[in-house]
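below are the sequence and a predicted model for it; my questions follow.
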Amino acid sequence: MVQPRIEHAADAARFIQNAERAHWHDQALWFVRAKRDKAVACVPEWEMLRDRAQQIKSHTLAHLADYLEQFEQNATRHGIQIHWARTADDHNRIVLEILQQHQVQRVVKSKSMLTEECGLNPVLEQHGIEVVDTDLGERIVQFRNEPPSHIVLPAIHIKKEEVGQTFHEHLGTDEGASDPNYLTEAARQHLRGKFMAAEAGITGVNFAIAETGGFVVCTNEGNADIGVSLPKLHIACMGIEKLIPRAADLAVFTRMLARNATGQPVTTYTSHFQGPVPGGQLHVVLVDNGRCTLRASDTFRDALRCIRCGACLNTCPVYRRSGGYSYHATVPGPIGSVLNATRDVKTYHSLPFACSLCASCSDVCPVKIPLHESLLDLRWEVVQQGQLPWSKRLMMKGASFVFKRTWLYNLGGRVARWVLPKLPRPLVYNRLNAWGQQRDLPEMPKKSFRQIYQERDER
Amino acid sequence: MRIGLFIPCYVDQFYPDVAVATVEVLERLGVEIDYPTQQTCCGQPMANTGCRHETRPLAFKFLKTFKDYPYVVCPSGSCVAMVRHHYREYLDGQPGFEELVGKTYEFCEFLVDVLKIDPVEGSFPHKVGIHQSCHALRHLRLASSSERVGASFSKMRQLLEPLEGITFSELERTDECCGFGGTFSINEEAVSCSMGLDRIADHQRAGTEVMTAPDMSCLMHMTGLLQRQGIRMEIMHIAQILAGREVSNEK
């Protein structure tokens, strides 16, 4: 499937046209960022934890094959059935086959960005299986037939009044209702029925532990727990980068994940799975889907350390003002720009440029992924792959030509400073001048610094 | 002490007084200044567009221009970050490169870390809003960033605080990016301007009379927005405040 090239700037401009909404979106996410700052400030050894988390993840990635095998052995011993999926299609086929073997018609799913990445829901629906996302935010966007716009807060782009309208249409809540308690209660009652009727539960995985063969799922709503406790069949889907070596390593991450993601000390539920429920089955699908390729890259490997806390999205001034959909990818924001552009630089050529290089993402990242550095490196990748628009390439070639020649730079500066103030305003400020759409140009001084300096020297 | 003065191309051409003020402050402190006039641009716009072939000759030109000075000082965090963090790509292994990285300083950090100056005398009876330019902040660590946990510090504030009568505005978002970002300001014009306007609004709420920064590029972006919006707020590079420039509104 050939995807059209993503033009982030155009989508972002459309998002900002609704200034009131863009402002609201920015504030909603900044609220989360501010809450996060307070939560991490309560952990004096925070920076040490970041170092440790980075080391654990880097170590695991360096020995990934060994740890994956260790995980498989230990999980199998507990009666967990392990499946290996090279691609998204493999993953979807494996999940579908398991469900079909058990004649499953109704599935409840807790939040899993991996199944979003693989596009699992439409595949299951095509085969007549009902899939209900049970995370409240995910259920909202599922009702609206929209993808999540954020990896932790999937419905962050939707106002409560709009949720009320959606629930009115799908759940029969009172028209115009927007009270969060009322709406949440309606979702609870609705989901209760779905949980009771489900024949299988699908979850993601936050951390899988090689040493024990168990894994951990973190949620705030308990939906993963009930979703896999009532049915006898549990399928857990995980990217192979979710692995950590030892149970002792887990504490480093559980201390960081919720604090950095939402500013909570810990997620409400941190559930450990060590094997199937009595009389049931537990399957774990280990998914590559491009991760091995990324792991082979010396430049971009660090991105695989990501634990999907979403903090880089919350802090990114561009994400906050352009919305998740402007990235056209399952994972948006800084980490999404890296993950998607490394995978397909042609389609996602504009994402590395959707960044002012402020580096807030790198400072907020719990596993110290040098996100802004990676985005800069990706720009070189865009150029190498011939994906930089020729106009920009030409402009940079021209600028370099001038800067290499001091005399030409001096001349250019003199001409610009002499001519610009004399030009009629429409000649300077027009559609071709992106700077001047909302900004005035600097007032042109008569003399450059070098002229002033040289005159002083001559005196 | 002798230094090679590195003046960003756009400061040279559009904001000569920032460079003059830098010279004044440094000379007052007994620093002997040489401004090598063959310098042009460090190449950051090309590098940040991914055009490494176009950047390479400018990095070589920079090394040739500045390699013989004991120190290189520049009133821009961004351009210093380019030399310190991104020249390796082009100059690794070149004679004099390692030394260049070690001796190139942003103006504020040169005053604080190398000269270890006594408090600057003078008075500046205004409410100052410090714009934490991202490159100075997170690439050079001129101040503690709000994302990290640890002791808070700011070399800019340290330099300004002794000025008589100065007060500082307390911002809601202490170090959010203004959205300049070099070519980002053109590529993502809508987001860039939205970010800048939000910064300005934060400073207005906090009662900033004079906005200052260690990078004129951020200030150029916000000056452009302020002028178009017709908002009166004084904009000064930190070197201009330290050099004792008057606030122009009062002239």
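Looks like it came in fine. All figures in this text were calculated on a predicted structure; none of them were measured in a lab. Residues are numbered from 1 along each chain as shown, chains lettered A, B, ... in the order given.

so what does the helix or strand that contains B:I241 touch, helix or strand wise?
Element membership for B:I241, per DSSP states H and E: helix B:238-242. Applying 3 or more Cβ pairs under 8 Å, 6 or more residues apart in numbering or on different chains; DSSP states H and E, one finds that helix B:238-242 contacts helix B:16-28, helix B:107-109, helix B:155-160, strand B:210-213. All C-beta spots, glycine's among them, are computed from the backbone N, C-alpha and C.

secondary structure class for A:K447?
Classification of A:K447 using DSSP: H, G, I helix; E, B strand; the rest coil returns coil.

surely it and B:D17 touch.
No - at 10.4 Å, A:K447 does not count as touching B:D17 under the criterion of Cβ atoms under 8 Å.

angles on the backbone of the residue lying closest to A:F195 once chain neighbours are set aside, please.
What sits nearest to A:F195 in space, not counting adjacent residues and going by Cβ to Cβ, 6 or more residues apart in numbering or on different chains, is A:I226, at 5.3 Å. When quoted as degrees, to the nearest 10, the phi and psi of A:I226 stand at phi -70, psi -30.

tell me how far A:I226 lies from chain B.
As judged by Cβ to the nearest Cβ, to the nearest Å, A:I226 and chain B stand 36 Å apart.

and for that residue, the neighbour number?
Neighbour count of A:I226, defined by other Cβ atoms under 10 Å in any protein chain shown: 20.

with A:L427 instead?
Per other Cβ under 10 Å, the neighbour tally for A:L427 reads 11.

got it, and A:Q385?
A:Q385 is flanked by 11 other residues according to other Cβ under 10 Å.

hmm, it is touching A:T347, no?
No - A:Q385 sits out of contact with A:T347 when judged by Cβ under 8 Å, with a separation of 11.2 Å.

show the contacting residues for residue 6.
Because you didn't say which chain, this covers chain A. In this structure, A:I6 makes contact with A:327-329, A:347-351, judged by Cβ atoms under 8 Å, 6 or more residues apart in numbering or on different chains.

that's the wrong chain, I meant chain B
B:F6 makes contacts with B:39, B:42, B:66, B:72-74, B:79-80, B:104, as judged by Cβ under 8 Å, 6+ apart.

show me which of the residues you listed neighbour chain A.
The subset of the contacts of B:F6 within reach of chain A, by Cβ under 8 Å from any Cβ of the partner chain, is B:Q39.

any chance of TSV for the contacts of A:I6, columns distance to A:H190 and secondary structure?
Compiled in TSV, those are given as follows (distance: Cβ to Cβ, whole Å; DSSP: H, G, I helix; E, B strand; the rest coil):
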residue	distance to A:H190	secondary structure
A:Y327	30	helix
A:H328	30	coil
A:A329	30	coil
A:T347	37	coil
A:Y348	36	coil
A:H349	42	coil
A:S350	39	coil
A:L351	36	helix
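
which one of the residues you listed is nearest chain B?
Checking the contacts of A:I6 against chain B by Cβ to the nearest Cβ gives A:S350 as the nearest, at 8.2 Å.

quick check on the nearest residue in space to A:R308 that is not next to it in sequence: phi, psi?
In space, and not counting its chain neighbours, A:R308 is closest to A:I151: 5.4 Å by Cβ to Cβ, 6+ apart. Per-residue torsions, A:I151: phi -80, psi -20 (degrees, to the nearest 10).

the stretch 51-200 of chain A: strands as residue ranges?
Taking DSSP state E, counting those that start in this stretch, the strands of the stretch 51-200 of chain A run over residues A:80-85, A:106-109, A:130-133, A:200-203.

highest average neighbour count across the ones you listed?
Greatest average neighbour count among the strands of the stretch 51-200 of chain A goes to strand A:200-203 (a mean of 28), per mean count of other Cβ atoms under 10 Å in any protein chain shown.

residues in contact with the very next helix or strand once past that one?
Once the chain leaves strand A:200-203, the next helix or strand it forms, by DSSP H and E, is strand A:207-209. By Cβ under 8 Å, 6+ apart, the residues outside strand A:207-209 that reach it are A:71, A:214-216, A:238, A:242-247, A:249-250, A:253-254, A:284, A:307.

domains in chain B, by residue range?
For chain B, the domain assignment from automatic domain parsing gives the residue ranges B:2-114, B:127-246.

make TSV out of the ones you listed and add mean pLDDT.
Supplementary listing: the domains of chain B in TSV, determined by pLDDT from 0 to 100:
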stretch	mean pLDDT
domain B:2-114	98
domain B:127-246	97
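
nearest to A:K111, of those?
Nearest to A:K111, of all the domains of chain B, is domain B:127-246, at 25.1 Å by Cβ to Cβ.
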